[in-house]
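Q: Build me a structure from this.
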Amino acid sequence: MRAKAADMHGKDCVKVAVRVRPFNKRERDAGSRCIISMASSIITIQDPRSAQTRRSFCFDYAYWSHSGFTRDRSGLFLPEEEGGRYAGQASVFQDLGEGILHNALQGYNATLLAYGQTGSGKSYSMVGYGPNKGLVPTLCDRLFQAIKGNQDSRQCQVFFSMLEIYNEQVVDLLSRGSRALGGLRVREEQHRGFYVEGLRTVPCDSAQQVEQLMEQGTRSRTTAATHMNANSSRSHMLIILQLKQIFSKESITKQSNINLVDLAGSERQRASGLEADRLKEGTAINLSLTTLGNVISALADVAVGRKAVHIPYRVSVLTKLLQSALGGNSRTVMIATLSPADICYEESLSTLRYAERAKRIQNRAVVNESPTERLVKELKAENARLQHRLSRLGQEGRRADEETKEIRQLLTHNELQIRAIQTLWEQHLQEALKDWELQYASITQERRMMQMHPYILNINEDAQLSGVVKLFIPEGEWDIGLAESSPQSILIKGLGIQERHAAFRNEHRQVSLTPLAGSKVIVNGNPVSQTTELQHLDRLILGSNSTYLFIGYPSERGSDDWSRYDYDYFHSELAAAEGINLGETSAGSSQTDPSLLAVFYDYIKLMPMVAEANQMSQELNKGVIFKVEIKNLALSDSKGHDLEKEIVVRVTSLESKQVWVWSKAKFVNRKFLMEEIYQQHQGGEGLSMAAMPRDKDPFWDPLEPLLLGSAHLWLQSLAFRIPLEEQLEVLGSEGTEEAILQTQLVPCTSTGLPLGEEDILIDPSELLGRRLDFQLVLEQCCGLRWIKACRNRGVQISFRYFECSQPLYTPAVWHNVNPLLDHRFHFACLHSSQRLLDYLQNSALVLELWGLQEGCIELTTSMEGVKMTTEGIFIIDQSVAADTATVNLSSSMRALQEELEEVRSSNSSLKTENHSLREQLHTARNGAEGARGRSLRPSCDAEFARALKVFYHNMTSVRGQLQRLRRHMPSEESDQLGLRLFMDEQNRLLKDFSEQLELCVSALKQDVAAIVRRKRERSGIWS
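A: Model prediction:
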């Protein structure tokens, strides 16, 4: 569906279009749900966590490309039915591209901005794929068609430039020479505004030339991303088409710039990953996109009438170059692309908000007169004045000879300038045609090689950069690496690539790959160290993250489509080899929890970044290793519900054994800072690693306590006032056993004395309104893995109780693998409520184990909101406020209470007397039988309480067996025999568990039956 809310050629407001793409493969595999709907030009997004939470936005254009399409034989996407809601590439160009072209031909500057998260369809809308041509190639086709159709009335000149902004550095993607260190400079001129000094502009006279230049720029961008270890999703690409139209009859020249901007991915960090970092994300990697947002917000404020608003154009390179497009001399369109999947809700909502602000911006576009044409006019006018002076001097005689000679020199100089300006276009065009012929010859040679030899082609995170670099493997043996020492070598660059990294051998139409000593080579997700024969479409990762797809001989290729082997496929395969896989669930359902899917893709996204960080650490001699982990993978809350999972990075110093855990957001920020230092180091700039101040070092952080794991101490026994003694396994985030914690729950009196068996309750409701005291005893922590690994460490234990928001911490213990804690907490509830009983019966105390390192600050309990008596007893129910007030009652209130107690005592005496009379009456009716029955009840209750106590102790061991079953996992290296042994062991554990559970329940049944039998025998029911 194509919805249009305004005419493209109306006021000079920024026009905003939004396009919704289809689900991609990973979203389909996960069973993602569409959360975006569209009606006319209104887009509504629904919060997947709340069906009632919806946000609606209205834009100038709205395109539904999510569903309702089919693909013809040529690969072109078309609506399933004529007049359907699907908006294809042609529909988008008709609304947006036609307007941009019309404005450019009128002499206005025109700008198209593409905005959205990585993978949301920006590049598809801008460039397209196969027969589905995007806005840029279609615009070029139509531009040259328009030039050809109007060549009788005007002479047109088109210049093409292509640049990239990465980390605040401008890179000319069409440059012939080596790259300038630090990138090209952005300068400002009064008439031109901001421009890139030294940017190459190439004249073009056909759409084919433009297409070829785009391919050249894409190849340059791909090579740079590989060599500089740059993330293309964080870079902005600008294509600048300069159109000059010379109207000879009217003596008018119109000149316009068409800016086509593919902005960097607008990823928004998940809320759980946001945290402050001592090293600001200053780094210039996000500066341009952040500043662009600030500029758009400021211009939106200006549009609604706010005064004295500062617009920060000068803060970043991108906003300098886009100044005319935003609030200046340009007619501008923004296309925002969205993923409709529920797992992309945060990013899609952020994109919609960004686009909503942009549509408020107003520009001031004017028709542009060429500075070159004005110069020619000025030179011709000056020549006319000189000719007039010359004719006057000729009439005055010889005395003016010297002045006449000077004027003639000026005339000659001006004529040469005019001729140079007028012939500049032809000369440039001839030079460009020579370049184009060389490029065409190179492409022809490459295509010929593709039909003769196997090769490897690059796979990039940006799909537009994949398949650009092809490295051919002719017959013979070929070294691949940094060195070009011999003719039989293939040059590749990237992190972790050695001088001689590996060797290809192509013999008898079979290609094999042999890693050389110390090099990292991965084939189809598995590291290899021996010679490996390659098959068509094998996946290779060389060094840290140089990804290539092997293409076999033409006879092996058939009709295979290699496009499914994208960047995600490589790293999903690598994650699966490490045991991280999102296959079908154990229940056989193909549906995957969207939150789990988001974590999985965070994991595979961070894997290559972590590999690169490790390589930089190694080359810079930082002695730090990074590892991706899934936080809360095996942990649950006090109700037993799984905690929200997220990706973190564990950072370990090899020398000092110091450990840090960074969130995804913090690691991504730090990695870009590491890249800056690494590139300076490679270029011989910056401080040496030894001289770098520690507080500026992105590989280091101040030490903080680390959460090692947690254990659950279930509180159900307290509801029956049954003591509990447990040996708890402290499980780490990924399910590893970190320690054994010996604990007790002891129901007690207000003075701390343990209760006896006669105080055990059969019905927890008997506690309502009564006081409950108990002690939590933390006796000992055994087998601490944290301290085994390094003796100069310590631990603390924390927990939260009932409705108290502040955790309590035990004192720190250091340097001991099996520390004796012997720590007691006394808790009291003065008036037990139903809420407290529900908490005791359904919840656990989550005991968290914290790791300390030398130099970090120990954790301390904040007493804010914590209520304690003078004896050091923690009050665990809010009703304590009333009881505290009772302690401070005035003497008159106490007197009233005493009087009330006397009344209650008299009432109790009357009840006792009444009860006695009833007993006498009962005795008279039933004789001695009733007396025996009354004497049995206390005895039976005590026996039943003892049976319950035994049952709870037995269930403790059953719970331990269940935990062992949950942790029992096969080894990652297990072969078929190992898996068979694992299954045998698993069956044995299951059998033991079922037998223990059955014995436990059977013993309780037998005890209860025996108690009932004895009661009946004693009461004379059975004689």
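Q: helices and strands of this protein: which one has the lowest mean pLDDT?
A: helix 880-887 (a mean of 41; mean pLDDT, DSSP states H and E).
Q: Hmm, Y115 and S125 touching each other?
A: No. With contact defined as CB atoms under 8 Å, S125 does not count as touching Y115 (10.5 Å). Bear in mind the C-beta positions are built from the backbone N, C-alpha and C, glycine included.
Q: overlap in contacts of these two?
A: Residues touching both S125 and Y115 by CB atoms under 8 Å, 6 or more residues apart in numbering: I335, T337.
Q: could you show me where the strands are in the stretch 101-250 of the chain, in order?
A: 110-115, 128-129, 132-133, 155-166, 169-172, 186-189, 193-196, 202-204, 236-247 (DSSP state E, counting those that start in this stretch).
Q: so which of the ones you listed gets nearest L845?
A: strand 110-115 (48.6 Å; CB to CB).
Q: Who are the packing partners of the closest one?
A: Contact here means 3 or more CB pairs under 8 Å, 6 or more residues apart in numbering; DSSP states H and E; on that basis strand 110-115 packs against helix 98-106, helix 122-126, strand 252-262, strand 331-338, helix 345-358.
Q: okay if I get the strands of the stretch 101-250 of the chain as CSV plus distance to P807 and mean pLDDT?
A: What follows is the strands of the stretch 101-250 of the chain, written out as CSV (distance: least, CB to CB, whole Å; pLDDT from 0 to 100):
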stretch, distance to P807, mean pLDDT
strand 110-115, 43, 91
strand 128-129, 53, 85
strand 132-133, 56, 91
strand 155-166, 44, 89
strand 169-172, 46, 89
strand 186-189, 52, 85
strand 193-196, 54, 86
strand 202-204, 65, 87
strand 236-247, 45, 88
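Q: For I797, which of these is the nearest?
A: I797 lies closest, by CB to CB, to one member of the strands of the stretch 101-250 of the chain: strand 155-166, at 47.3 Å.
Q: ok, back up a step: right, so the strands of the stretch 101-250 of the chain: which one is the most enclosed?
A: Mean neighbours per residue, mean count of other CB atoms under 10 Å, is largest over the strands of the stretch 101-250 of the chain for strand 110-115, with a mean of 26.
Q: In its sheet, which strands sit next to it, and in what direction?
A: strand 252-262 (parallel), strand 331-338 (parallel) (DSSP bridges).
Q: comparing these, which gets the lowest mean pLDDT score?
A: For those, mean pLDDT drops lowest on strand 252-262, to a mean of 87.
Q: Could you give me the buried positions within that one?
A: By 16 or more other CB atoms under 10 Å, the buried positions in strand 252-262 come out as T253, K254, Q255, S256, N257, I258, N259, L260, V261, D262.
Q: could you dump the strands paired with strand 110-115 to TSV with distance to E985?
A: Shown next, in TSV, are the strands paired with strand 110-115 (distance: least, CB to CB, whole Å):
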stretch	distance to E985
strand 252-262	55
strand 331-338	50
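Q: quick one on the thing from earlier: just say which of the helices and strands packed on strand 110-115 is most tucked in.
A: Using mean count of other CB under 10 Å, strand 331-338 ranks as the most buried of these, with a mean of 26.
Q: That strand relative to helix 98-106, how many degrees between them?
A: 160 degrees (axes from the mean of the first three to the mean of the last three CA atoms, to 10 degrees).
Q: next one: strand 331-338 to chain centre, how far?
A: 24 Å (CA atoms, centre = their mean, to the nearest Å).
Q: out of everything not next to it in sequence, what's closest to T70?
A: Excluding the flanking residues, the one nearest T70 by CB to CB, 6 or more residues apart in numbering is E80, at 5.0 Å.
Q: Please report the distance of the one you found from R73.
A: According to CB to CB, to the nearest Å, E80 and R73 sit 16 Å apart.
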